[in-house]
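Participant: Mind folding the following:
(chains A and B)
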There are 2 protein chains.
Amino acid sequence: MQEFKRLTPYRKALEMVLNDLSGIEEAEEAPLDEAIGRVLAEDVESPMDLPPFDRAAVDGYALRAEDTFQAREYRPVELKVIDEIAAGEESREKVESGTAVKLLTGAKVPEGANAVLMQEMAERKGEKILVLRPVAPGQNVAFAGEDVKKGEVVLREGDVLRPQDVSLLKALGFKTVRVKRKPRVGIIVTGSELIEGFDEVAMKRGRIPESNSVMLKGLVKEYFGEPVFYGVFPDDEAAIRGAIERARNESDIVLVTGGSAFGDRDFAHRFVNLLFHGCTNKPGRPIGYGERVFIMSGYPVAVFAQFHLYVKHALAKLVGAKSYEVKVRAELTERIPSQLGRHEFVKVFYRGGKASPIKRRGSGIISSLVESNGYIEIPEDSEGYLEGEEVEVVLY
Amino acid sequence: MQEFKRLTPYRKALEMVLNDLSGIEEAEEAPLDEAIGRVLAEDVESPMDLPPFDRAAVDGYALRAEDTFQAREYRPVELKVIDEIAAGEESREKVESGTAVKLLTGAKVPEGANAVLMQEMAERKGEKILVLRPVAPGQNVAFAGEDVKKGEVVLREGDVLRPQDVSLLKALGFKTVRVKRKPRVGIIVTGSELIEGFDEVAMKRGRIPESNSVMLKGLVKEYFGEPVFYGVFPDDEAAIRGAIERARNESDIVLVTGGSAFGDRDFAHRFVNLLFHGCTNKPGRPIGYGERVFIMSGYPVAVFAQFHLYVKHALAKLVGAKSYEVKVRAELTERIPSQLGRHEFVKVFYRGGKASPIKRRGSGIISSLVESNGYIEIPEDSEGYLEGEEVEVVLY
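Facilitator: Have a look, this model is predicted:
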């Protein structure tokens, strides 16, 4: 393996990627049911007050608070019940001094009333009620616009929509929402050693089941993208060149695994004008990028690190996602040494405020991905972290 | 509103739900691509060693380490190169004393060899190499089974599959994986006040857009379920009864929103033999459960809390999911008082190790869901937490 002449520092390499890519302009109208996980293409202003009207917060009687100020248990105030309404109904009556309207939770408080007396606080006598204690103005009323005011921005461009966000949009009368088009991500897997599925004879002879495609497809979907898989290619120069050309024409970005080093069979990087090739991050050092194509490692562990260190951020840039990582503070259960000059991607298991580094860290150890649920980064100028030190963990 | 005679403590109510539900037995074979987010129905044992053979970790020469022990720069050892192989190829030659096989990263180390010399450490001379320094046995070799041993359990029943997990399964030669059938969750929304979409006239008259369905559908999908929406029903006794019957026949569990209180139009709870009705959790107190049916509030904020406090755990029980919550430790930025006897569900915004409670907390404030990204629970016997206190946040 020919060594890299000069490694590009990780932060600089990432910056070059992000500077090279432009955000996707196209947006599309998505039905709310299908908008969860998508990224908002514009700020959303509320077209209405929420609640849209003064609303009863309890079952009871809408009345004028002033009428009750003198009410005492030993000297109840008598009011005439002039109407009864349920939620969704509107009273045609206006509440005037000496009158009340019976209503249920969620019903519109009628004109003239400024408070709702809880049902249990009144004694019903035919068409009248006896009010036993005073009610303050505004009591048990949810006022129009108390939750959201008409014209207020409720969600912003770049927000990643969750069930509760689309619920608010639906409560505001929306049926669809403008979201960014999903980035199309071409995936090309290379390597003559790769087979599909279990084949004991082939494996005895030095071949291994391919496993990068399913991981990358899943990760791309998790981070806003639409994966397009172009297949597994043997180390054949023409075939790989053709696949990269086609994928680049059809995709926003292209991920190529395998062939990122300088071996005799490492072709992929020769077909792309790379901005950099070989970086300080470990694992995943032999990454290259140029012309919207990522040339990635063959080892799944290195590919996984390269995805989180580079591709994830590229996808977020493409869709303009503002918040796409769950970062938590954690105390290290043991020290992690790191070599100066390396930007380390260290897999950890996080639980209950503590992060434990996964012991078996080699690029060939796929099970280390399964045992971990997050990572910490150790930049080039650090020799690592001590046991008990507080670190930032990105959960996955 | 008739008050609840006695509130069931939250923990006890949740226990009653979980005891009442049985885990789903049926499993299905899912292609790996479609298995992400699903729950494993059985432990998975590796059918093979991973790597399946001793593998070169670098480009170089497979040789017998013993041959190189005397090698020095001023007194190189000469070896004969008897074969050249790439990854995926197998050498038919056996490495014996005085010989070496050239190979590329990932290639199978030939019989007889026990180490790989990095290419840069050898000087090539026609059919021979000069070895300039000694190589230790095992150097630059990834041994068969080093990652995973044949027969080892790599994933367990109840694991929720992530991209890296299915990648490992694919690396082990699997094409499908046995996962639990998704729970079918019937969703019934009730309330005569509900309309679809924006209708200014209707809203002036006391009606509001329905917004629970889209939230519950999204949450059910997030927590392993398959939502089946039965529609929005007005407060009509026969219609609601019919919908509940049908949904219960066709679903594992049923969620009914609206009608959980004791108002004149609150029917839903009358058609189910409830194990409890009215609990100490706030918001969402008027929750009822019986015969696989959850009778939930009408307010989205209360529904959201009831989902996280009850339904999420019920779904996890149905599929046997072991780990389905992201819990982090956080420092409170301000105190949260809580009334004794209430199990409070407090929405917070978590960032950088700190949790800030959302100020506007009423059941009617849907925007509080949008502003938050997690919650803390304050049990009945606590009067709340102090500013600076460490609490557990469940992220959503």
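Participant: Return the distance of whichever helix in chain A runs longest from the chain's centre.
Facilitator: When chain A is parsed with DSSP state H, its longest helix is helix A:237-250. Relative to the chain's own centre, helix A:237-250 is displaced by 32 Å; criterion: Cα atoms, centre = their mean, to the nearest Å.
Participant: quick one: the helix or strand following it to helix A:237-250, angle?
Facilitator: Sequence-wise, the next helix or strand downstream of helix A:237-250 (DSSP states H and E) is strand A:253-257. For strand A:253-257 against helix A:237-250, the angle by axes from the mean of the first three to the mean of the last three Cα atoms, to 10 degrees is 150 degrees.
Participant: so residue A:202 sits right up against residue A:194, yeah?
Facilitator: No - the criterion here is Cβ atoms under 8 Å, and residue A:202 misses it with residue A:194 at 10.0 Å. Backbone N, C-alpha and C define where each C-beta goes, glycine included.
Participant: quick one, which of the two is more surrounded?
Facilitator: Neighbour totals were compared for residue A:202 and residue A:194, and residue A:194 leads with 24 against 17 (other Cβ atoms under 10 Å in any protein chain shown).
Participant: now that one: how far from residue B:32?
Facilitator: From residue A:194 across to residue B:32, the span is 15 Å (Cβ to Cβ, to the nearest Å).
Participant: Return the set of residues that bridge with residue A:128.
Facilitator: For residue A:128, the beta-bridge partners are residue A:80, residue A:125 (DSSP bridges).
Participant: and it, what does it touch?
Facilitator: Residue A:128 sits next to A:78, A:79, A:80, A:81 when contact means Cβ atoms under 8 Å, 6 or more residues apart in numbering or on different chains.
Participant: Out of those, which two are the most distant from each other?
Facilitator: Within those, A:78 and A:81 form the most distant pair, 10.6 Å apart (Cβ to Cβ).
Participant: so what sits against both of the two?
Facilitator: Common neighbours of residue A:78 and residue A:81, counting by Cβ under 8 Å, 6+ apart, are A:128, A:129.
Participant: Which one's more surrounded, the two?
Facilitator: Between residue A:78 and residue A:81, counting by other Cβ under 10 Å, residue A:81 is the more crowded of the two (19 against 13).
Participant: hang on, that one packs against residue A:102?
Facilitator: Yes - using Cβ under 8 Å, residue A:81 makes contact with residue A:102 at a distance of 5.5 Å.
Participant: For the longest helix of chain A, which residues meet the burial criterion?
Facilitator: Buried residues in helix A:237-250, defined by neighbour count with 16 or more other Cβ atoms under 10 Å in any protein chain shown: A:240, A:241, A:243, A:244, A:247, A:248.
Participant: how about the third one, what does it touch?
Facilitator: Pointing back at residue A:243 there. When contacts are counted by Cβ under 8 Å, 6+ apart, residue A:243 is found next to A:188, A:230, A:231, A:233.
Participant: Can you flag the buried ones in the residues you listed?
Facilitator: Buried members of the contacts of residue A:243, counted by 16+ other Cβ under 10 Å: A:188, A:230, A:233.
Participant: what's the burial count for residue A:208?
Facilitator: A total of 25 residues lie near residue A:208 under the criterion other Cβ under 10 Å.
Participant: Just list whatever residues bridge to it.
Facilitator: For residue A:208, the beta-bridge assignment (DSSP bridges) gives partners residue A:194.
Participant: Go through the buried ones among the contacts of residue A:243 and name the one nearest residue A:212.
Facilitator: Relative to residue A:212, the closest of these is residue A:188; by Cβ to Cβ it sits at 9.9 Å.
Participant: Partner strands of the helix or strand where that closest one lies, with direction?
Facilitator: Under the criterion of DSSP H and E, residue A:188 resides in strand A:184-190. Strand A:184-190 sits in its sheet next to strand A:226-233 (parallel), strand A:253-257 (parallel), going by DSSP bridges.
Participant: Most tightly packed of these?
Facilitator: Burial of the strands paired with strand A:184-190 is given as mean neighbour count (mean count of other Cβ atoms under 10 Å in any protein chain shown); strand A:253-257 ranks first at a mean of 27.
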